[in-house]
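K.L.:
Return atomic coordinates for the entry below.
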Amino acid sequence: MNSGNKIVIITATIILLVGGIALWHFKTNQTNNSSGFTEAPKGGDFTLQSASGPFSLKAQRGKVVLLYFGYTHCPDVCPTTLTGIAQAFKALKKNELAQVEAVFVSVDPERDSPKKLAAYTKFFSPSIIGVTGTPRQIARVAKQFGAVYRKVKNPSGKGYLISHSANTYVIAPDGTLNTIFPDATPPRKIDQVIRSLLTQGQNK
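P.N.:
Below you'll find the predicted structure:
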C-alpha cells in the first residue's frame, strides 16, 4: 500500500469517528431538549438506595429538593449540571443550605453502586446525595417526573452510554413538584427559586 492510499484511509477513519461522535451528541441533545411525555409530570414520593441506606423523598418534607437523573459515566451533561447546582448551593446562606437537598438518581444501576455514587456526588457538593435502585424502581421514579433515558452504543466502541433528559426537578417543602429547570439553567436562577420556596414555606 502506498503512502497516498494510507493517508486516504486514515482520513476516512477520522471522518467516520468524528461523525459518529457528532451523531451521538445530536441524538443526546435531541433527547435532552424534549420532555418525552405528553402530560405534565406529577412527581410523587419514592424510596431508593443511597450509600447510607434507604433514601425517602417523603422524609425530606420541609426542605427544597432538587432532583436530577443521570449517571457517573456521563461525559458532559451530568458534570455540568451538578457543577451548576453546587455553585448555586455555595451562594446560599448556611441556614438556607440546611433546608436544601439535591438528589442525583442514577439511571445506570448496572455500573453505579450506592458507594460509587456517594464518592461521585461528594466531589461536587456534600449537599448532593446519590441514589439508585433496581431497573424497575428507577423506571417508575423516572416516569413520575417525566424523565426519559435509553442505553446507546458508545461511538468509541467501548461499553455504552446513556442518552437521557437533562431537566432538574425542584420539589417544594410540601413535597409537590414546583419547577422544572431545563439544561444549563444559571445557578442564580436556581437560587432565586430556592429562596422563594423557602420564604413561602416560612409564611405558611
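
K.L.:
now the strands for the chain?
P.N.:
Listed in chain order, the strands of the chain (DSSP state E) span 47-50, 53-56, 64-70, 100-106, 128-131, 149-153, 160-164, 168-171, 177-181.

K.L.:
roughly how far is the first one from the heart of the chain?
P.N.:
Read that as strand 47-50. 16 Å (CA atoms, centre = their mean, to the nearest Å).

K.L.:
tell me which residues of that strand are tucked away?
P.N.:
48-50 (16 or more other CB atoms under 10 Å). C-betas here are computed from N, CA, C, even on glycine.

K.L.:
average pLDDT for that strand?
P.N.:
For strand 47-50, the mean pLDDT works out to 98.

K.L.:
Could you do the second one as well?
P.N.:
Average pLDDT, strand 53-56: 98.

K.L.:
Pull up the pairing partners for it, direction included.
P.N.:
strand 47-50 (antiparallel) (DSSP bridges).

K.L.:
and the partner strand, C-alpha only, in CSV?
P.N.:
This file holds the C-alpha atoms of strand 47-50, laid out as CSV (Å, rounded to 0.1, in the frame of the first residue of the first chain):
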residue,chain,number,x,y,z
THR,A,47,-37.6,5.4,48.1
LEU,A,48,-34.3,4.5,46.6
GLN,A,49,-31.0,3.3,47.9
SER,A,50,-28.1,5.5,49.0
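
K.L.:
quick one: pLDDT of residue 155?
P.N.:
pLDDT recorded at residue 155 is 87.

K.L.:
That one: how many residues sit nearby?
P.N.:
17 (other CB atoms under 10 Å).

K.L.:
any idea how far residue 189 is from it?
P.N.:
From residue 155 over to residue 189 the distance is 33 Å, taken as CB to CB, to the nearest Å.

K.L.:
List the contacts of the closest residue to residue 178 other than its chain neighbours.
P.N.:
By the measure of CB to CB, 6 or more residues apart in numbering, the closest residue to residue 178 outside its immediate chain neighbours is residue 172, 4.2 Å from it. Going by CB atoms under 8 Å, 6 or more residues apart in numbering, residue 172 touches 64, 178, 197, 200-201.

K.L.:
Surely residue 82 touches residue 117?
P.N.:
No: Residue 82 lies out of contact with residue 117 (CB atoms under 8 Å); the separation is 11.5 Å.

K.L.:
Give me the common contacts of the two.
P.N.:
residue 104.

K.L.:
picking up where we left off before, and the residue nearest to residue 178, what pLDDT?
P.N.:
For residue 172, pLDDT reads 97.

K.L.:
what residue ranges in this structure score low on pLDDT?
P.N.:
Within the chain, the set of residues satisfying pLDDT under 70 comprises 1-39, 201, 203-204.

K.L.:
rerun that using 90 as the cut-off
P.N.:
When residues are selected by pLDDT under 90, those of the chain lie in 1-40, 154-159, 200-204.

K.L.:
for residue 100, which residues make a bridge with it?
P.N.:
residue 64.

K.L.:
Residue 196 versus that one, what's the distance?
P.N.:
Relative to residue 196, residue 100 is positioned 12 Å away (CB to CB).
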